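S.K.: Generate coordinates for the sequence data below:
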Amino acid sequence: MTLIELLVALALFAVVTLIVTKVFMNVTDVQRRIYQDQNLEGDLRYAVNVLSDEAQRAKIHSTECDSYCTACSGKFFCLGISTSSVVCLAAQDNSCVQYYQSNGQLIVQRGAQTYAITSSDVTLESLVFKHDLLDAAQNGNSLEIFARVKNKDAGGGSLVYQTALTKNP
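M.R.: This is a model prediction of the structure:
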């Protein structure tokens, strides 16, 4: 074996090693992004399911809630206006509950107790609640939830989540 043959073999080995390393790095990067997206979707799905479950069990607001959620009497879901980033519910235990966005998280407020139901790994970029105003009898009986979230440490795009709830008296 000559020195030239040895150099050519070494150069070919270096090129093949470089290509294999690049492919491996791309695969691990894609796998990491998929894992982050799955966690993001699971976190958002959990938060919206908590809200949805409570909304499905919600009672009609009584006048006691008006000090907490203004002008909500006779409604299941109260927004105050047709589109809002805050929704009020009358919980099963007759307490008034608010869901809203604060500092990139979905917040639940039950009386004096306030806590986040999304993890600190995600940022809630936007949260909008809508209800139909088709006729006065249905006002506050249907609720749409639109949320856009992003993983805090990922450079990827946002995940958009939408769901609709209907509550029959």
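
S.K.: all helices for the chain, in order.
M.R.: Using DSSP state H, the helices of the chain run over residues 3-56.

S.K.: So which residue is dead centre in it?
M.R.: Geometric centre of the chain, nearest residue: residue 44, 3.3 Å, by Cα atoms, centre = their mean.

S.K.: which residues of this protein score low on pLDDT?
M.R.: Within the chain, the segments meeting pLDDT under 70 span 62-71, 80-83, 132-140, 154-156, 168-169.

S.K.: run the last query once more with 80
M.R.: Counting by pLDDT under 80, the chain contains low-confidence residues at 1, 59-84, 92-95, 111, 131-142, 152-158, 166-169.

S.K.: Surely residue 85 is in contact with residue 100?
M.R.: Yes - at 5.9 Å, residue 85 and residue 100 qualify as touching, with contact defined as Cβ atoms under 8 Å. All C-beta spots, glycine's among them, are computed from the backbone N, C-alpha and C.

S.K.: count of residues packed around residue 43?
M.R.: The tally of other residues near residue 43 (other Cβ atoms under 10 Å) stands at 21.

S.K.: ditto for residue 151
M.R.: Here the number of neighbours of residue 151 (other Cβ under 10 Å) works out to 19.

S.K.: For it, which residues are in contact?
M.R.: Taking Cβ atoms under 8 Å, 6 or more residues apart in numbering, we find residue 151 in contact with 36-37, 39-40, 121-123.

S.K.: thought residue 126 was touching residue 159?
M.R.: No - the criterion here is Cβ under 8 Å, and residue 126 misses it with residue 159 at 11.6 Å.

S.K.: quick one: residue 109 and residue 102 touch, right?
M.R.: No - Residue 109 is beyond contact range of residue 102, at 9.5 Å (criterion: Cβ under 8 Å).

S.K.: circling back: need the buried ones from the contacts of residue 151 selected in PyMOL.
M.R.: Buried members of these, defined by 16 or more other Cβ atoms under 10 Å, are picked up in PyMOL with:
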select buried, resi 36+40+122+123
